[in-house]
Every structure is written in structure tokens, then in C-alpha cells.
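Novice: Below is the sequence, then the predicted model.
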Amino acid sequence: MYRSFRNGDENAIIDLWNKTMQRDPITKQRFFKQVLLDANFDPEGLIVAEQDGELIGAIYALTRKLPMAGIELERDTAWITFFMVDPENGRQGIVHGLMEQAEQYAKQQGAVQILFSSYAPNYFLPGIDETAYPAAYTFLLKEGYRRQSSPVAMHRDLLDYSYTPAVSELKKQREAEGYSFGPASHGDFPELIRFANEHFNPDWGRAIREGILQGLDPEQVLAAKNGDRIVGFAMFGGYEGIRERFGPFGVDEHEKGKGLGKILLHDTLHAMKQRTIQGAWFLWTSETSSAGHLYLKHGFKTYRQFHVMVKELVH
């Protein structure tokens, strides 16, 4: 039997999650914040499979009810951020039935495409990890999903990190030209959030604002300026209060080629090392992008790859 979420299901969903997705276990508090408290949560989109009174599967589909700053409702798009089925019931067509229910819900909301699982702000992973969950990846392909992109997660050990003389010299050169680097002041934040929204992604502006509102130390947000104008920024610890999580991070496209990203990257890693943080990691970049090349050149290593999957819905 398939039905929508009811109060109390969360405990069984979390237990099943930790049983089936052991590479990515979850706590009750994280599920509460990122699913049940999500501004776009609709219990009709959290669908469970039940057998003899026991929850044996779940899938979560959603559409935007509230826009993010700079983004409209994206009425043509739905997202799936997780699905699971008890391994003991894995070959009975249950997960296929869950997917049919989720896609039907998405179509009822007006979506013409559905993605797994790049929903912002409350995604758990950027997409499906084929290495960790090969059966789930194969299932998505059989269900008609195609790979849209393959972002990677990277990590850098900070135990051996030190700020290099070459970066120090580059920073002095740029400062002599009128650039400045350092923690964002309180008065910088309105412009900084606008800069992140307009030059990159509204989710980045949201991450800055919500991080500060949730107690993030403003000194964990670093800004690069050309005179009084913000031209780049980097931060850490802004997502879910995880100190080791680096980003977001970006430099104005018109300022590229001056090493500003390199300076911001090392200033941020140095600030993390000052706080005895032993590693820096993030979930999403492209290895072939300019940012990806910068990370790889400065000690980051890819430790995981995901596939963002998309399917066109036939109404």
C-alpha cells in the first residue's frame, strides 16, 4: 500500500534510511530540519510504502511553494531528494511503485521535468553516487532518467597546510593595486548577499544570510574588494553549522586572471587552520571548471562523484 506521510512516519523513515544508505546516515534532527521544516514541504509528496503495517519504502518529491530570492517558483520542475526500499523487499516492484506515485504527484503540481536531486536549499547529496549505490543508479536509468551532469565532492587535509610565500607575495601585489582581503564587516553583508545572488546563485546569498542568522561567526565570511566594491568572497561553516564545510566561494567574472580566487582560497584555509579545523570539504563542483582546476592545483582531491539525473514527464 502506498500513502502520503503521516505524523510518526519520520522515525521509521530514518531507521530505513540508516539501514539502506549506510554511506550517508542521517540523524532525526537533520531530517526534521531539511525535510519537515523545509518551506516547500508537502506531506503529499513524501510517499511511503507499507506492508502489514510496517513501513518498507519511501520517496520524497517536491516542488517550490515559495521562491528563493532571484528565482521564481520554477513551476515546470520537481525534485526527488531521496528514495529507499527495505532490501528484503527490493525485488517486488515496490520502488517502481513509489517512483510512479512521486511522478504522478509532480505532474499534479504542474511539473514537466523531475530531477534527482539538485534541489536547493535542502538537498542531501548533489545527485546519485553510482559507486556507493549502483542499484539505485541502474534503477533510475531503467525508469527513464538520464544523466544531466556529474559534479564531484572534494576534500583537502589541513594538517599539513601552511600559507605559502608565493600567495603572500601575490596578495601584496594586489593590495598595492587597491584590492583588499579580509573578513566581511557587518556593513558589507547587504552588498555581499546581492553580489552572491546576482553573480552566482541565489542559494549562495541565502547560505550567507541564513548562516549568519543561525550564529555563524561573520569572520568566517571573507571578502575581496576592489576599492569599496566587492569582487569575490569565500566562507566556511555556513551549511548546517559544519565547521569543515568549505564554500560557497566565487570571484567576479570580470576580475578573473588576477589570482583573487587563489588568495581567497588560501585566506579561508588559513582561517580554518587557525581554528584547529583539520580538513576542508565541499559537495559540488566540476573537475573541468576553473574552480575545479584551482582546487586540484592547491591540494584538494576528489573523493566522490555524483550524477544529477533528469526525466521529462509525459502528461
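Specialist: Right, received. Where do you want to start?

Novice: element containing F31?
Specialist: Using DSSP states H and E, F31 maps to helix 28-31.

Novice: What residues sit buried inside that helix?
Specialist: F31 (16 or more other CB atoms under 10 Å). Backbone N, C-alpha and C define where each C-beta goes, glycine included.

Novice: which other helices and strands contact it?
Specialist: helix 9-20 (3 or more CB pairs under 8 Å, 6 or more residues apart in numbering; DSSP states H and E).

Novice: Off-centre distance for the helix it packs on?
Specialist: Helix 9-20 sits 21 Å away from the centroid of its parent chain (CA atoms, centre = their mean, to the nearest Å).

Novice: And stretch 18-27, by the same measure?
Specialist: That offset, for stretch 18-27, works out to 17 Å (CA atoms, centre = their mean).

Novice: residues making contact with it?
Specialist: 14, 17, 82, 84-87, 124-125, 129, 132-133 (CB atoms under 8 Å, 6 or more residues apart in numbering).

Novice: List buried residues within the residues you listed.
Specialist: Counted by 16+ other CB under 10 Å, the contacts of stretch 18-27 give 14, 17, 82, 84-86, 124-125, 129, 132-133 as buried.

Novice: any chance of the residues you listed in TSV, plus secondary structure?
Specialist: Below are the buried ones among the contacts of stretch 18-27 laid out as TSV (DSSP: H, G, I helix; E, B strand; the rest coil):
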residue	secondary structure
I14	helix
W17	helix
F82	strand
M84	strand
V85	strand
D86	coil
F124	coil
L125	coil
D129	coil
A132	coil
Y133	coil
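
Novice: mind checking the backbone torsions on the residue lying closest to E74 once chain neighbours are set aside?
Specialist: Of all residues not flanking E74 in the chain, R64 sits nearest, at 5.5 Å (CB to CB, 6 or more residues apart in numbering). Dihedral angles of R64 (phi, psi; degrees, to the nearest 10) stand at phi -70, psi 130.

Novice: Ok, D38 next?
Specialist: The phi/psi pair for D38 (degrees, to the nearest 10) is phi -60, psi 140.

Novice: ok, it to A291 distance?
Specialist: Counting by CB to CB, to the nearest Å, the gap from D38 to A291 is 27 Å.

Novice: export stretch 18-36 as PDB, just CAs?
Specialist: Output of stretch 18-36 as PDB, limited to C-alpha atoms (Å, rounded to 0.1, in the frame of the first residue of the first chain):
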ATOM      1  CA  ASN A  18      20.200   4.400   8.000                       C
ATOM      2  CA  LYS A  19      19.700   0.700   7.100                       C
ATOM      3  CA  THR A  20      19.800   1.200   3.300                       C
ATOM      4  CA  MET A  21      22.100   4.300   2.800                       C
ATOM      5  CA  GLN A  22      24.900   3.400   5.200                       C
ATOM      6  CA  ARG A  23      27.400   5.700   3.300                       C
ATOM      7  CA  ASP A  24      25.200   8.600   4.200                       C
ATOM      8  CA  PRO A  25      23.500   8.100   7.600                       C
ATOM      9  CA  ILE A  26      21.200  10.700   9.000                       C
ATOM     10  CA  THR A  27      20.000  12.000  12.300                       C
ATOM     11  CA  LYS A  28      16.500  12.700  13.400                       C
ATOM     12  CA  GLN A  29      17.400  16.400  13.800                       C
ATOM     13  CA  ARG A  30      18.800  16.700  10.300                       C
ATOM     14  CA  PHE A  31      15.700  15.100   8.800                       C
ATOM     15  CA  PHE A  32      13.500  17.300  10.800                       C
ATOM     16  CA  LYS A  33      15.300  20.500   9.700                       C
ATOM     17  CA  GLN A  34      15.800  19.600   6.000                       C
ATOM     18  CA  VAL A  35      12.600  17.900   5.200                       C
ATOM     19  CA  LEU A  36       9.800  18.600   7.700                       C
END
